[in-house]
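> Any chance you can model this:
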Amino acid sequence: MPRILSLVALPLLAAASLTAAGSVEPGSFLRTETYELVTGADPDRWCGPGEDPYVGDDWADLRGAHFALSLSCLFHAPSIPDRLAAEAPELQYLPAAAPGDEFLIVQVAHQAQYFPEIEASTTESWIMAGAKRVYLGGPPAAGTFLALTVPIGAETVLWIEDAGRAQGLDLRTGAQVDPIAAYYTGPVFATNRSENFDYEGVRFGNAGGGWQMECHNDGARVGRTMWTDKLGWAPEGSAYLVVRFWWCGEGTYDKAVWELDKDEAFEVMIGMESVERLQWDETPSTDEWGGAVHELVFQVPVDQHEFKLLFTPIGEVTESANGEVFDLMTRPAPTVWTVNF
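All right, here's what the predicted structure looks like:
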């Protein structure tokens, strides 16, 4: 909701004349005070390509783990331009800025250039106008607008903080300020899917007997990200490669459990070098097939496009009735695939 403005008092007659006119003349006695903020929304675009206020082609975009935002139009003027006052009732009766001040008026794009990696409400935003901080709460929503009075020429930046990391947009030019560069250049942030994992006749044994096992799944999902809830932001120059897949386990078979060896079952390679794994979490599956969902996280160079992944179901089988353990007798062939972002 827009704030109620604090206006300079004026005689009753002048106020009556203002109400009758239905607008505020630039020469009136009313002035909008410094750092007053008015917000609203408009389904119509206020500018387009080729017009001076338009910044939609100028990388006036921000993306984080939990948000995405793009600016469409930027205006600055000593009073609200007539065409904007006609578009937005919230702006129609705003007095001109006080001497030495100007309005910065921002329309947020109706569709952001990017998508957030994760939908969540963990962000805060504010505008820094010189040394003055104007708190906004969450990031401005698509299609909304902001009108703020600031000292003429004051450096004014919209900041959005996501999980402790802030990025900004200059509200005079649309230029990014301290961006997370990896989001805007280099390999894309997306999820790829591997081929299915299909294994039959995998033999496990010990001196007293053995088991022959099989397991089939629909492959792994592999994605790049800059942030995870457990590890936070990737270190400078790095990104995270996250691998998720289902595998047979507790509840898949009545009499035995096939457990993967987390030191050997999965490998990520860049060229001929193996990538160190940071995390392997195993969560029991809730579907009828039992088993578990495995999530692995690897730290990789932020500019690396291509990775080779190898899955080999190395592990052991534990008999449910007595806990007897059976070791892998013959190493299965790995499932190998390449992902490119």
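> What are the phi and psi values at Leu91?
Backbone geometry at Leu91, expressed as degrees, to the nearest 10, gives phi -100, psi -10.
> The one 5 residues further on now?
The phi and psi values for Ala96, taken as degrees, to the nearest 10, are phi -60, psi 160.
> separation between it and Glu36?
From Ala96 across to Glu36, the span is 12 Å (CB to CB, to the nearest Å). From N, CA and C alone the C-beta is placed, and that goes for glycine too.
> which of those two has more neighbours?
Ranked by neighbour count (other CB atoms under 10 Å), Ala96 and Glu36 place Glu36 first, with 24 against 21.
> Against Leu94, how distant is the more buried one?
In terms of CB to CB, Glu36 sits 8 Å off from Leu94.
> what about stretch 47-60, average pLDDT?
Averaged over stretch 47-60, pLDDT sits at 95.
> And for it, what's in contact with it?
Applying CB atoms under 8 Å, 6 or more residues apart in numbering, the external contacts of stretch 47-60 come out as 46, 70-75, 107, 109, 169, 173-176, 184.
> mind redoing it with 10 Å?
Residues outside stretch 47-60 that contact it (CB atoms under 10 Å, 6 or more residues apart in numbering): 45-46, 61, 69-76, 81, 83-84, 105-109, 111, 113, 158, 169-171, 173-176, 179, 184.
> Just the buried ones from those, in ChimeraX syntax?
Of these, the buried ones can be selected in ChimeraX as follows, counting by 16 or more other CB atoms under 10 Å:
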select :46,61,69,70,71,72,73,74,75,76,84,105,106,107,108,109,113,158,169,170,171,174,176,179
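> Restricted to strands, list the contacts of stretch 47-60.
61, 69-76, 105-108, 158, 169-170, 176 (DSSP state E).
> Report the beta-bridge partner residues of the residue nearest to Ser274 when sequence neighbours are not counted.
With CB to CB, 6 or more residues apart in numbering as the criterion, Ser274 has its nearest non-adjacent residue at 5.7 Å, and that residue is Glu267. Beta bridges link Glu267 to Leu310, judged by DSSP bridges.
> what about Pro332, distance to Gly315?
10 Å.
> which residues do these two both contact?
Val202.
> and those two? which has more neighbours close in?
For Pro332 and Gly315, the more surrounded residue by other CB under 10 Å is Gly315, and the numbers stand at 21 against 15.
> could you list every residue that touches the more buried one?
202, 204, 213, 247, 249, 257-262, 264-265, 327-328.
> how many other residues sit next to Tyr54?
Residues lying near Tyr54 (other CB under 10 Å) number 20.
> Cys215 now?
Counted with other CB under 10 Å, the neighbours of Cys215 add up to 19.
> does it sit in a helix, a strand or a coil?
strand (DSSP: H, G, I helix; E, B strand; the rest coil).
> residues contacting it?
Contacts for Cys215 (CB under 10 Å, 6+ apart) come out as 197-200, 202, 246-249, 252-253, 258, 289, 291, 313.
> and if you look at Gly323?
Gly323 neighbours (CB under 10 Å, 6+ apart): Val257.
> measure stretch 310-320 end to end?
End-to-end distance for stretch 310-320: 29 Å, by CA to CA, to the nearest Å.
> Please identify the buried residues of it?
Phe311, Thr312, Pro313, Ile314, Gly315, Glu316, Val317, Thr318, Glu319.
> tell me the pLDDT at the last one?
pLDDT for Glu319: 93.
> Okay, it and Gly208: tell me how far apart.
10 Å.
> Give me the common contacts of the two.
Joint contacts of Glu319 and Gly208 (CB under 10 Å, 6+ apart) are Phe326.
> returning to what we had before: need the contact list for the residue nearest to Ser274.
Residues near Glu267 by CB under 10 Å, 6+ apart: Ser274, Val275, Arg277, Leu296, Phe298, Lys308, Leu309, Leu310, Phe311, Thr312, Pro334, Val336.
> How about the residue nearest to Phe75 when sequence neighbours are not counted: which residues does it bridge to?
Excluding the flanking residues, the one nearest Phe75 by CB to CB, 6+ apart is Ile105, at 4.1 Å. In this structure, Ile105 bridges to Phe75, Ala147 when assessed by DSSP bridges.
> Run the chain-centre distance for the helix or strand where Trp246 lies.
Assigned by DSSP states H and E, Trp246 belongs to strand 238-247. The chain centre lies 17 Å from the centre of strand 238-247; the measure is CA atoms, centre = their mean, to the nearest Å.
> Run through the bridge partners of Pro284.
Ala292.
> surely it meets Trp247?
No - the criterion here is CB atoms under 10 Å, and Pro284 misses it with Trp247 at 11.5 Å.
> and for those two, which residues touch both?
Between them, Pro284 and Trp247 share the contacting residues Gly291, Ala292, Val293, judged by CB under 10 Å, 6+ apart.
> out of the residues you listed, which one sits closest to Val242?
Val293 (12.3 Å; CB to CB).
> Determine the number of other residues adjacent to the closest residue to the closest one other than its chain neighbours.
Once flanking residues are discounted, Val293 sits nearest to Thr283: 4.9 Å by CB to CB, 6+ apart. As a burial measure, Thr283 scores 11 neighbours (other CB under 10 Å).
> Could you pull up phi and psi at Ala86?
The phi/psi pair for Ala86 (degrees, to the nearest 10) is phi -70, psi -30.
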